[in-house]
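Chemist: need the 3D shape of this:
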Amino acid sequence: MSRRINWRLLLFFSLMLMVVVFLISLRFGASQVNTTTIVKSFLNFDSGIQQELIIRDIRLPRTLAAFLVGTCLAVAGAMMQGATRNLLADSGLLGINAGAALSMALVFAFFSRSNYLVISLAAFFGAALATGLVYLVTRYAKGGMSPLRLILAGTAINSLLTSLSQAISLSFNLSQDLAFWFVGGAANVTWAQLKIVGPIFFVALIASFFIAPSITLLSMGDETAISLGKNPSRIRGLTMVVVLFLAGIAVSLVGSVSFIGLIVPHFVRSLVGYDYRLVIPFSAIFGGLLVTIADVCARMVNPPFETPFGILVALIGVPFLLYLVWRES
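Modeler: Model prediction:
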């Protein structure tokens, strides 16, 4: 399919939109801050001014975290959809996010004083475990692996792991500690957390750009990839490794958020076509924008109380998933 919009023009407008969304995210919250104060907090920071402290220590890391999470989930979804040729694939729907959340619940229950590095490692391990379970169930199911079986197995495992997480939360009285992680919220993200996941994020994102041409070939069929000297199994393996890190980063920062990886790649493909050299970078941008906008809206729904943005994303994602299932049926 040919590109529908000139990608350079789309890149320019999306970057301009990023600037606007970031400015809005820094301005609005429990207390509004004017643009002049935002500029001063970057150019001439004064720790004695409370509003500048709010910008630098609370809203900026929160905004960066929301954008980073959206980027991770959207890129993971785009990679999975291309590599599996399954347009319903998403790390949330396939149980990867729930697996990471379950590992984090276990850490909170048995190692309550663990630092963020341990929590992050637990998230990556849980994501890998969930992926392995989905693969085993679908790989050895009667009739073999298919897109429908992948979704059904992922949904079942997602429900199982989520139920286990909630059971652990109730048993160990962790409801308050895990509340924002289970529904998705960036209010408590700190600079220390971003410093840990930042390098992993950039390595995983760059790796996704390098894998993108091979994913484009896989999306055309294994025969096409093989005829051009590519190994489909190896490409899928590398793809899943990158997806695991991206999903693990997202869950370790804000919890289990579904549907970002489902919604954004579909929207991007409608704009730029099916070349994953464009789909993945633009999914990164628009995924970040979607979550950042959702986070801003979540602050404004019921001020001064926080509404985790995962709830707002689900309100969009569930009807979208039903539409896709209806269209593919």
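
Chemist: would you quantify the distance from residue 162 to residue 105?
Modeler: To residue 105, residue 162 is 10 Å away according to Cβ to Cβ, to the nearest Å. Using the backbone N, CA and C atoms, a C-beta is placed for each residue, glycine as well.

Chemist: who has more neighbours out of those two?
Modeler: Neighbour count, other Cβ atoms under 10 Å: between residue 162 and residue 105, residue 105 has more, with 26 against 18.

Chemist: wait, isn't the more buried one in contact with residue 174?
Modeler: Yes - the criterion here is Cβ atoms under 8 Å, and residue 105 meets it with residue 174 at 6.7 Å.

Chemist: and the helix or strand containing residue 195, what does it pack onto?
Modeler: Per DSSP states H and E: residue 195 is located in helix 191-219. Under the contact criterion of 3 or more Cβ pairs under 8 Å, 6 or more residues apart in numbering; DSSP states H and E, helix 191-219 touches helix 60-84, helix 116-139, helix 222-227, helix 232-254, helix 276-301.

Chemist: can you put those in a markdown table and add mean pLDDT?
Modeler: Shown next, in a markdown table, are those (pLDDT from 0 to 100):
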| stretch | mean pLDDT |
| --- | --- |
| helix 60-84 | 93 |
| helix 116-139 | 83 |
| helix 222-227 | 86 |
| helix 232-254 | 87 |
| helix 276-301 | 93 |
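
Chemist: what is the burial count for residue 195?
Modeler: Neighbours around residue 195, by other Cβ under 10 Å: 11.

Chemist: off-centre distance for the helix holding residue 195?
Modeler: Remark: helix 191-219 is offset 12 Å from the chain centroid, using Cα atoms, centre = their mean, to the nearest Å.

Chemist: repeat for stretch 292-302
Modeler: With Cα atoms, centre = their mean, you get 17 Å for stretch 292-302.

Chemist: hmm, who's touching it?
Modeler: With contact meaning Cβ atoms under 8 Å, 6 or more residues apart in numbering, stretch 292-302 is reached by 21-22, 24-25, 28-30, 62-63, 66-67, 70, 185-186, 306-309, 311-313.

Chemist: which parts of stretch 188-200 are buried?
Modeler: Buried residues in stretch 188-200, defined by neighbour count with 16 or more other Cβ atoms under 10 Å: 189, 193-194, 196-197, 200.

Chemist: lowest-confidence member of those, which is it?
Modeler: Lowest-confidence member of the buried residues of stretch 188-200: residue 189, scoring 86 (pLDDT).

Chemist: returning to what we had before: mind giving me the ChimeraX command for buried ones among the contacts of stretch 292-302?
Modeler: Buried residues within the contacts of stretch 292-302, by 16+ other Cβ under 10 Å, are selected in ChimeraX with:
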select :21,22,25,28,29,62,63,66,67,70,185,186,306,307,308,309,312,313
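
Chemist: just the ones in helices from the contacts of stretch 292-302, please.
Modeler: Counted as lying in helices by DSSP state H, out of these, are 21-22, 24-25, 62-63, 66-67, 70, 309, 311-313.

Chemist: list the contacts of the spatially most central residue of the chain.
Modeler: Centroid check for the chain by Cα atoms, centre = their mean gives residue 73 as the closest residue, at 2.2 Å. Applying Cβ under 8 Å, 6+ apart, we find residue 73 in contact with 90-92, 246-247, 250, 257, 260-261, 264, 287, 291.

Chemist: ok, the residues you listed vs residue 274, which is closest?
Modeler: residue 264 (14.7 Å; Cβ to Cβ).

Chemist: distance from the chain centre to stretch 257-268, please.
Modeler: Taking mean C-alpha positions (Cα atoms, centre = their mean), stretch 257-268 and its chain are 9 Å apart.

Chemist: so what touches that stretch?
Modeler: Applying Cβ under 8 Å, 6+ apart, the external contacts of stretch 257-268 come out as 69-70, 73-78, 80-81, 87-93, 97, 184, 250-251, 278-279, 282-283, 286-287, 290-291, 309-310, 313-314, 316-318, 320-321, 324.

Chemist: and residue 139, how far from residue 16?
Modeler: Counting by Cβ to Cβ, the gap from residue 139 to residue 16 is 45 Å.

Chemist: over to residue 120?
Modeler: Residue 120 sits 33 Å away from residue 16 when distances are taken as Cβ to Cβ.

Chemist: neighbour count winner among the two?
Modeler: Between residue 120 and residue 16, residue 120 has the larger neighbour count (other Cβ under 10 Å), namely 22 against 10.

Chemist: list the contacts of the nearest residue to that one once chain neighbours are set aside.
Modeler: Using Cβ to Cβ, 6 or more residues apart in numbering and skipping the chain neighbours, the partner closest in space to residue 120 is residue 252 (4.4 Å). Neighbouring residues of residue 252 by Cβ under 8 Å, 6+ apart: 100, 104, 116, 119-120, 122-124, 193, 197.

Chemist: name the member of these with the most neighbours.
Modeler: Sorting those by how many neighbours each has (other Cβ under 10 Å) puts residue 100 first, at 34 neighbours.
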